[in-house]
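In: Just need the structure, nothing else, for what follows:
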Amino acid sequence: MTEKTVSKYLSNLEKYFAGDSPILQKAAKVFHELDQLEYDLGLIGADETTASKSSWWPIVSLIGGNSTAKSKFMNGYFGSDLQLTGLQTSHNKFSVLLHNNQTSPTTLPGTALDVDHRFPFYQISRKLEQLQHGEGARINSYLELKTLPSDRLKGKLFIETPSIGTSPANAVTSFLFTYALENSDTVFVFTDTFETPSPLLEELIAQIKLHQDTNKLVYLIDAPAALNASRTGEIISTWQRRLADLGISSGQFMLLPGQDAGFIPLPGKVDFSLIDQRLANVGYDRTYRVLQALEDNIAEIENVVIPEVKTGVTVWKDRVNMSTLLVLSLFIVLALFAEINTGIVLATLVDPILGPITILALIAIMTPIHLIFSRLHAKLIINQLNSRQKELHLLENLAGLFEKNLTFARMLLPASEPALWNKKTKSRLTQLTGKTKDLVQSLNDTFSTYNAQLFDVFADSRGPKELP
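Out: Numbering: from 1, shown residues only. The predicted structure is shown next:
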C-alpha cells in the first residue's frame, strides 16, 4: 500500500481548526484516512481529497421575491450604503458574499468560485455542462463573488440568490437554487417570495418541503417598524397559516426590523439582534454538516461506488466470456466438419499423446484471445463508467477502480466483486464510520450535561469516588 500524502487543502484545514474547532480538526484527519482508502482503491489521485466535496465555511443563503425587502435588509445588516443586490429587476446572478478589509466592495467573476475548492459552487461548471451543453462555459452569467468590508461576514459566506420573479425558468437556475438550499447551514426566505408569481416558485416550495425538518429555514417578514406584541404575533400567525396551506409546516418566523416602505436602514440604526442570535450558532450547524458529509462520503463508497463498478465488472465478464465462447464455438464447428470429412479429429483427441497436446495447444490459442477480448471490452466499460461518474456527479474515478481488475489472474479467473473490495476494506470503512459517529457524539456533548449528571448519580449511589 502506497502512503498518500496529506493534501494541501486538508493540511490547511487542520491548521486553521487547531484552535478554533478541535472536532473539525479531527474530522480533517478522518477525511485523510478516507482519502487513503479511496487512493488505495484507485478512486482518487494523490493530490485529491474527498473533503473538497463540500465547503467548510458556514453558509447562509438569502432567497427573496420582487420587493425591495431583501435589498433593504442586506444594506442595513451588512452596514453598507451601497446597493449590494441592486433594486433593479435585472439582477439574476447567484452572488457569494465574502468579507474583505478593503474599503470598497469588489465583484469577481463566477470562475473565481468554480476553481477554488474552499468556496461553494466549486467545479459547478462541470455539473452545469452536464445539465445543458454549453452552459458550463457561461458560468459567469450565473455566478459572481462579492467582497464586502462588513464585520458580519467574518467567518461566514452568504449566498444571495436572484429574485424568484426575475430568474429565468430553466434547468440551470433550478439546479442552482436547489444547490444553494442543500449546501447552506441557514436559509433566510423572505416571505415576499411566496407572493411572487413565477414558474420557479413551485419548484422552490418543493425543495423547501424537503428541507423543512433540517432546522435551517428562517422566514423573514417585511412589516411596518412600529408594531406592538399582539400585532406582531398576529402577522406571524397569518404567515404560518399561509405557508401551512402550501405544505410548509416548520421553520422559524421573524419580523424584519425597520422595514417601512421606501426606508433603507442605516448602519447601526436598526436592531438586528434576533438575526445575530440566529446566526450565532451557524458555525455549529456547519460542523454537523461537515460531519454528515463525511459520513455520507463513507457510505457512498459501499452504496454507490462499489455497486456501479461491480455492475461494470459483471457486464465486462459476461461480454468477454460470450466473445470467447463464440470463438471457441467456431473452432468446435470447424473440428466437426474436419471429423466428418476426415475422421481424424476424434482419433487425435483420444490418443494418449496427441490428445493432451491438442488440448494444450487449444488453451495456448484461446488464452491470448480471451485476454485480447478482455482488453477490448474493458475500454467500452471504462467509457461507460466515465459517463456514469459524470451523471452521478462523483469525485471518485470509477474507471480507476475498474482498471485494477485488468490483471492477468482476474482476467482469466471468474470474479464477481471489484478488485480490493474485501473484508479488510469493509472493516476500514466500518472503523471510519465509527470514528465519525464518535465525533458527532463529542459535538453533542458540548451542548449537554450528560457526563456531569452521570457522575452525580454515580457519586450519590457509591460515595465520592473517582470514575476509572
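
In: how about the strands in the stretch 301-450 of the chain?
Out: Taking DSSP state E, counting those that start in this stretch, the stretch 301-450 of the chain contains no strands at all.

In: What of the stretch 101-250 of the chain?
Out: Under DSSP E, counting those that start in this stretch, the stretch 101-250 of the chain gives strands at 106-109, 143-148, 157-160, 186-190, 217-221.

In: TSV for those, including mean neighbour count?
Out: Just so you know, the C-beta spots here come from the backbone N, C-alpha and C atoms, and that holds for glycine as well. Listed next are these as TSV, based on neighbours: other Cβ atoms under 10 Å:
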stretch	mean neighbour count
strand 106-109	13
strand 143-148	21
strand 157-160	24
strand 186-190	25
strand 217-221	21
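
In: what does stretch 131-138 rub up against?
Out: When contacts are defined by Cβ atoms under 8 Å, 6 or more residues apart in numbering, stretch 131-138 is touched by residues 125-130, 170-172, 175.

In: at 6 Å what do you get?
Out: By Cβ atoms under 6 Å, 6 or more residues apart in numbering, the surrounding residues in contact with stretch 131-138 are 125, 128-129, 171-172, 175.

In: quick one: average confidence on that stretch?
Out: When pLDDT is averaged over stretch 131-138, the result is 90.

In: so how far is that stretch off the chain centroid?
Out: 20 Å (Cα atoms, centre = their mean, to the nearest Å).

In: ends of it, how far apart?
Out: Criterion Cα to Cα, to the nearest Å; first-to-last residue distance in stretch 131-138 is 13 Å.

In: which regions of this protein lie under the pLDDT threshold?
Out: 1, 80-91, 224-230, 257-270, 338-341, 343, 345-351, 355, 449-468 (pLDDT under 70).

In: top helix in it by residue count?
Out: helix 354-391 (DSSP state H).

In: ok so, going back, so, if you compare the contacts of stretch 131-138, which one comes nearest to E308?
Out: E129 (20.7 Å; Cβ to Cβ).

In: what number of residues lie near the closest one?
Out: 16 (other Cβ atoms under 10 Å).

In: so who does it touch?
Out: G136.

In: For A171, see how far away it is.
Out: Here E129 is placed at a distance of 12 Å from A171 (Cβ to Cβ, to the nearest Å).

In: One more: T111?
Out: For T111, the distance to A171 - Cβ to Cβ - is 21 Å.

In: more neighbours, those two?
Out: T111 (14 against 11).

In: got the strands of the stretch 101-250 of the chain as JSON lines, with distance to L62 columns?
Out: Output for those, formatted as JSON lines (distance: least, Cβ to Cβ, whole Å):
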{"stretch": "strand 106-109", "distance to L62": "17"}
{"stretch": "strand 143-148", "distance to L62": "12"}
{"stretch": "strand 157-160", "distance to L62": "5"}
{"stretch": "strand 186-190", "distance to L62": "5"}
{"stretch": "strand 217-221", "distance to L62": "9"}
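
In: Which one, of these, ends up nearest to G283?
Out: strand 186-190 (10.8 Å).

In: counting contacts, what elements does the closest one pack onto?
Out: strand 59-63, strand 217-221 (3 or more Cβ pairs under 6 Å, 6 or more residues apart in numbering; DSSP states H and E).

In: just how off-centre is it within its chain?
Out: The answer for strand 186-190 is 20 Å, by Cα atoms, centre = their mean.

In: Name every strand pairing with it and say which way it goes.
Out: strand 59-63 (parallel), strand 217-221 (parallel) (DSSP bridges).

In: okay, these in CSV with distance to S387 next?
Out: Converted to CSV, the strands paired with strand 186-190 look like this (distance: least, Cβ to Cβ, whole Å):
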stretch, distance to S387
strand 59-63, 31
strand 217-221, 36
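
In: do you know which of the ones you listed lies nearest A409?
Out: That would be strand 59-63 among these, by Cβ to Cβ, at 48.0 Å.

In: residues in contact with that closest one?
Out: 70, 120, 157-161, 180, 184-189, 193.

In: which of those lies closest to T314?
Out: Out of these, the member with the shortest distance to T314 (by Cβ to Cβ) is P120, at 37.1 Å.

In: these two touch, right, the closest one and S55?
Out: Yes. Using Cβ atoms under 6 Å, P120 is in contact with S55, at 4.5 Å.

In: quick one, which of the two is more surrounded?
Out: S55 (24 against 21).

In: Mind telling me what element that one is part of?
Out: Under the criterion DSSP states H and E, no helix or strand holds S55.

In: Tell me the backbone dihedrals of it, please.
Out: S55 adopts backbone torsions of phi -70, psi 140, taken as degrees, to the nearest 10.

In: do H133 as well
Out: Dihedral angles (degrees, to the nearest 10) for H133: phi -60, psi 130.

In: Can you tell me how far it is from S125?
Out: 12 Å.

In: Near G134, how many other residues are there?
Out: With other Cβ under 10 Å as criterion, G134 counts 8.

In: ditto for the one 4 residues further on
Out: Around R138 there are 15 other residues, counting by other Cβ under 10 Å.

In: go on, the one 3 residues further on?
Out: S141 is flanked by 13 other residues according to other Cβ under 10 Å.

In: still on that earlier bit, looking at the contacts of strand 59-63, which is nearest P22?
Out: Using Cβ to Cβ, those come closest to P22 at D185, 19.4 Å.

In: wait, doesn't the closest one sit right on V282?
Out: Yes. With contact defined as Cβ under 6 Å, D185 counts as touching V282 (5.2 Å).

In: Between the two, which has more neighbouring residues?
Out: D185 (26 against 19).

In: give the contact list for the more buried one.
Out: 58-59, 282, 285-286, 289.

In: now the longest helix of the chain: how far from the chain's centre is it?
Out: Counting by Cα atoms, centre = their mean, helix 354-391 comes out at 36 Å from the chain centroid.

In: That one: which residues count as buried?
Out: 370-371, 373-374, 377-378, 381-382, 384-385, 388-389 (16 or more other Cβ atoms under 10 Å).

In: what's the answer for stretch 36-50, then?
Out: Neighbour count says stretch 36-50 has 36-44, 48-50 buried, by 16+ other Cβ under 10 Å.

In: Mind checking which of those residues land in helices?
Out: Per DSSP H, the subset of the buried residues of stretch 36-50 in helices is 36-40.

In: and S52, how far is that from N297?
Out: S52 is 11 Å from N297, by Cβ to Cβ.

In: Please parse this protein into its domains.
Out: Using automatic domain parsing, the domain ranges for the chain come out as 22-53+293-461, 55-280.

In: quick revisit: of S52 and N297, who's got more company?
Out: It is N297, of S52 and N297, that has more neighbours when counted by other Cβ under 10 Å, with 23 against 19.

In: mind listing what that one touches?
Out: Here N297 is in contact with T50 (Cβ under 6 Å, 6+ apart).

In: so it, which of the three states?
Out: helix (DSSP: H, G, I helix; E, B strand; the rest coil).

In: Columns distance to M322 on top of the contacts of stretch 131-138, output as JSON lines?
Out: Compiled in JSON lines, the contacts of stretch 131-138 are given as follows (distance: Cβ to Cβ, whole Å):
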{"residue": "S125", "distance to M322": "40"}
{"residue": "L128", "distance to M322": "39"}
{"residue": "E129", "distance to M322": "35"}
{"residue": "A171", "distance to M322": "39"}
{"residue": "V172", "distance to M322": "42"}
{"residue": "F175", "distance to M322": "40"}
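
In: I appreciate the help and will end here.
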